[in-house]
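Trainee: the following block contains a protein sequence and its predicted model.
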Amino acid sequence: AQTIHQWPVAEIKAVGSPLSLGCTIKGKSSPNLYWYWQATGGTLQQLFYSITVGQVESVVQLNLSASRPKDDQFILSTEKLLLSHSGFYLCAWSLDWGGVQNTLYFGAGTRLSVL
Amino acid sequence: GEQVEQRPPHLSVREGDSAFITCTYTDPNSYYFFWYKQEPGASLQLLMKVFSSTEINEGQGFTVLLNKKDKRLSLNLTAAHPGDSAAYFCAVSSTSSGQKLVFGQGTILKVYL
């Protein structure tokens, strides 16, 4: 069975400090991977997606970057946090891009508070 | 591109009553539809995925209706109980969204005794 693990569970960071969030998928080779952001009480905004190692597409510009250094790993980062980065970050995977199986399966998420 | 409007944003129902949530979408070429449940502080859990060919989909304690003519997707929780209290999100996938799932704004449902 596939498992998706996100780390850390929660972070409290200062404005201007760096950030790195991670996501690992086990049990599935070459999944499509996604980062989503959810403001408190808000809807989900897709930030990045990746269909293969080393390739990441940006969907919105929020002064964040993402990388896929390994097939099963997706990293979200920034060198300088803003207050507006606070929220809930969700990693997700899917089997297929644009196909019938385009169902997203989400990790447990990382809650980020920027002070 | 695809736009999804979800209503209502908040819903309170008594235990045993029905809860009805609706999403309207704009792209007539939308093919895949999803409902997700998010319990407080938790991640999103897939409730049901619906394909365009099926208008009525039954789940455990809920029904999903797809009206392609009106471009409307609905979730009906029948006989709601306190464990159904959560945020619910619809999502739609279409060619105009570049196969990206476009999420509705969410509905926060509270079921009281």
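Mentor: Thanks, I have it.
Trainee: from now on I want contacts and neighbour counts done on CA atoms only, so please keep to that.
Mentor: OK.
Trainee: please identify the residues of chain B in proximity to chain A?
Mentor: Proximity of chain B to chain A (C-alpha under 8 Å from any C-alpha of the partner chain) is limited to residues B:32, B:34, B:42-46, B:49, B:89, B:98-100, B:103-106.
Trainee: of these, select the buried ones using a PyMOL command.
Mentor: A single PyMOL command selects the buried members of the residues of chain B next to chain A (16 or more other C-alpha atoms under 10 Å in any protein chain shown):
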select buried, chain B and resi 32+34+43+44+45+46+49+89+99+100+103+104+105+106
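Trainee: checking my notes, residue B:96 in a helix, right?
Mentor: Yes - assessed with DSSP: H, G, I helix; E, B strand; the rest coil, residue B:96 lies in a helix.
Trainee: nearest residue to residue 88 in space, please, no chain neighbours.
Mentor: In the absence of a named chain, this looks at chain A. residue A:111 (4.5 Å; C-alpha to C-alpha, 6 or more residues apart in numbering or on different chains).
Trainee: wrong one, chain B
Mentor: Nearest residue to residue B:88 in three dimensions, chain neighbours excluded: residue B:37, at 4.6 Å (C-alpha to C-alpha, 6+ apart).
Trainee: kindly provide the distance from the one you found to chain A.
Mentor: If you measure residue B:37 against chain A using C-alpha to the nearest C-alpha, to the nearest Å, the figure is 11 Å.
Trainee: hey, what's that residue bridged with?
Mentor: For residue B:37, the beta-bridge partners under DSSP bridges are residue B:45, residue B:88.
Trainee: tell me the pLDDT of the residue nearest to residue A:88.
Mentor: At residue A:111, the model reports a pLDDT of 95.
Trainee: ok, residue B:111 touching residue B:79?
Mentor: No - contact criterion C-alpha atoms under 8 Å: residue B:111 and residue B:79 do not qualify, at 10.1 Å.
Trainee: that older thread, report pLDDT for the residue nearest to residue B:88.
Mentor: Here, the pLDDT recorded for residue B:37 equals 96.
Trainee: what are the neighbouring residues in contact with it?
Mentor: B:44, B:45, B:46, B:47, B:86, B:87, B:88, B:89 (C-alpha atoms under 8 Å, 6 or more residues apart in numbering or on different chains).
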